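Asks: Everything below, folded, please.
(2 chains)
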There are 2 protein chains.
Amino acid sequence: MQRTAFFISDGTGITAESLGRSLLAQFSDVDIHMQTKPYIDTLEKAQALAAIIDATAVKDGQRPIIIDTIVDQQIRDVIRKASGFKVDIFSTFLKPLEQELATHSSYSVGRTHSIGSDDVYMDRIHSVHFALDNDDGARTHQYDKADVILVGVSRCGKTPTSLYLALQFGIRAANYPLTEDDLDEDGMLKLPKALAPHRHKLFGLTIDARRLAAIRNERRPNSRYSSMDQCMREIEQAEALYRRLHVPYIDATRFSVEEISTRMIAETGLARRFSPR
Amino acid sequence: MQRTAFFISDGTGITAESLGRSLLAQFSDVDIHMQTKPYIDTLEKAQALAAIIDATAVKDGQRPIIIDTIVDQQIRDVIRKASGFKVDIFSTFLKPLEQELATHSSYSVGRTHSIGSDDVYMDRIHSVHFALDNDDGARTHQYDKADVILVGVSRCGKTPTSLYLALQFGIRAANYPLTEDDLDEDGMLKLPKALAPHRHKLFGLTIDARRLAAIRNERRPNSRYSSMDQCMREIEQAEALYRRLHVPYIDATRFSVEEISTRMIAETGLARRFSPR
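Replies: Below you'll find the predicted structure:
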């Protein structure tokens, strides 16, 4: 039996969706079709959406689940009249919070999403361009300005991680590839020269050899670069380097970019320049 | 008077923080110091955190606000005993949801963060590399594979937006700069040749001239490129082009990257390849 869930917001919908997915993930045996409806910020849009919700209730033969973060009372009233099971976050928690904080809350549309300040904007732009300029070892003279330098074999996920750190937290993350150019005479990976003065900033990524081979195969099919042998060897050498030099590292196979980034922050005490959203 | 809020999670903390910030943004007259505590996934970590919370209560002279998404009951019990005002999302909403869905929820740690699947990982990597390969008009022969092509003057925010779309939603966003190279004899901006076959995929960004000048000044101080005159002229020409060709556009000065991205999706019906987190 299929159920539908609507995540509804007068803003981006990111909070409602994030919370909704977390709650509904606890019900993995129910087939729930999830839809995010952002920018429901007028009565007209709310009425149109209420009609969709009612039609969905008929189609599913079950009322939809409604998780919303709408602030405006009139708009919320329109949604509330639709046929649904309501998880009403704001009215559930704002009243008790008002009491606890001994003040009234400002029910103002858009108040919840206030990343728009000039400082945050500039920090974000800078961090993204820092990550791009210092991607894949392209430039190394800015490493004194880096908050962290990600290292790892080619295509293990350094670039997405450094961009996520930049966009979400304003962290300046450079990244540098570990390659066979830095093998010593015994076949052991040395710390590349450009990284030596910045050892304390290093953070390693590793990856499952099978996944790495799959990723590399899409780039250069049937090459030495993408062979299982080569992938396994490179990963072994990289992990040995991390252990030898006590570089903290994470397995990018087991974790999402969000998890890698937030774990890095938690483990290293990296400071965010701003907070997401 | 200062208050402290803790956003606590056994995972990334993204949901707890996102919800917490949304709720507390409604109390702008209270000075609330916010801290995110992710990966509280053992009793030991929970006990250490409970001690910090208790110490904060003494220091502030007020109990901290605790917003958590911990699933494990034992770990949650440790936090619950700390001195705090608890906004308990899961226990508030999971019981009624269990009733509504006529099933039991699986209280399993980590269940809430499940972006780790191979497909999502691959889509994400592809989208990020697509955005990078097709950044700033670098390559135009892949535009048939683009979901959207962002256009706008240099440094108006195209790159961060295309990367956000890639990371969060798996959307393949190319971007192309509008420059004076494409002015016609009357000083009007023409649609660059590479874009003509893909007009339906275009989405425009615009920006406040003062902010653009500030951003460009950090890159090339006191240049023609960063002068107010130049910035105003380029922006005018770009906006005229959008209006003439009916290219939808957004002002990147007024909105965050999250808002620009989610508005683009809402307005154009762009399909996400996956959902955040």
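
Asks: give me the low-pLDDT residue ranges for the stretch 101-250 of chain A?
Replies: Where the stretch 101-250 of chain A drops to pLDDT under 70, the residues are A:107-117.

Asks: For it, just list every one of the strands.
Replies: A:148-153, A:173-178, A:202-206, A:249-251 (DSSP state E, counting those that start in this stretch).

Asks: want to throw those into CSV with distance to A:Ile32 and mean neighbour count?
Replies: (C-beta placed from N, C-alpha, C; glycine too.) Shown next, in CSV, are the strands of the stretch 101-250 of chain A (distance: least, Cβ to Cβ, whole Å; neighbours: other Cβ atoms under 10 Å in any protein chain shown):
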stretch, distance to A:Ile32, mean neighbour count
strand A:148-153, 36, 26
strand A:173-178, 35, 25
strand A:202-206, 33, 23
strand A:249-251, 30, 19
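
Asks: Out of those strands, which is closest to A:Gly84?
Replies: strand A:249-251 (40.2 Å; Cβ to Cβ).

Asks: rewinding a little: which among the strands of the stretch 101-250 of chain A is found nearest to chain B?
Replies: Nearest to chain B among the strands of the stretch 101-250 of chain A is strand A:249-251; the distance by Cβ to the nearest Cβ comes to 10.8 Å.

Asks: Adjacent strands (with direction) for the closest one?
Replies: strand A:202-206 (parallel) (DSSP bridges).

Asks: if we look at the partner strand, which residues are touching it?
Replies: With Cβ atoms under 8 Å, 6 or more residues apart in numbering or on different chains as the test, strand A:202-206 has contacts from A:148-153, A:156-158, A:161, A:195, A:235, A:238-239, A:241-242, A:245, A:247-252, A:260, A:264, A:268.

Asks: sorry, back to before: tabulate the strands of the stretch 101-250 of chain A (TSV), appending distance to B:Arg211.
Replies: Putting the strands of the stretch 101-250 of chain A into TSV (distance: least, Cβ to Cβ, whole Å) gives the following:
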stretch	distance to B:Arg211
strand A:148-153	28
strand A:173-178	25
strand A:202-206	33
strand A:249-251	36
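
Asks: mind checking which of those strands is nearest B:Arg172?
Replies: With Cβ to Cβ as the measure, strand A:173-178 is the member of those nearest B:Arg172 (21.8 Å).

Asks: near chain B at all, that closest one?
Replies: No - residues of strand A:173-178 are not located near chain B by Cβ under 8 Å from any Cβ of the partner chain, the shortest gap being 12.3 Å.

Asks: Strand A:202-206 and that strand, what's the angle between them?
Replies: 60 degrees (axes from the mean of the first three to the mean of the last three Cα atoms, to 10 degrees).

Asks: Pairing partners for strand A:173-178, with directions?
Replies: strand A:148-153 (parallel).

Asks: ok so A:Gln26 is a strand residue?
Replies: No - counting by DSSP: H, G, I helix; E, B strand; the rest coil, A:Gln26 is not part of a strand but coil.

Asks: Surely it is in contact with B:Ser91?
Replies: No - counting by Cβ atoms under 8 Å, A:Gln26 does not reach B:Ser91; the two are 11.5 Å apart.

Asks: and A:Phe93, backbone torsions?
Replies: The phi/psi pair for A:Phe93 (degrees, to the nearest 10) reads phi -100, psi -20.

Asks: next one: phi and psi at the closest residue to it other than its chain neighbours?
Replies: Among residues not flanking A:Phe93 along the chain, B:Val87 sits closest, at 5.3 Å (Cβ to Cβ, 6 or more residues apart in numbering or on different chains). Backbone geometry at B:Val87, expressed as degrees, to the nearest 10, gives phi -100, psi 100.

Asks: Would you mind measuring the gap between the ends of stretch A:237-254?
Replies: 20 Å (Cα to Cα, to the nearest Å).
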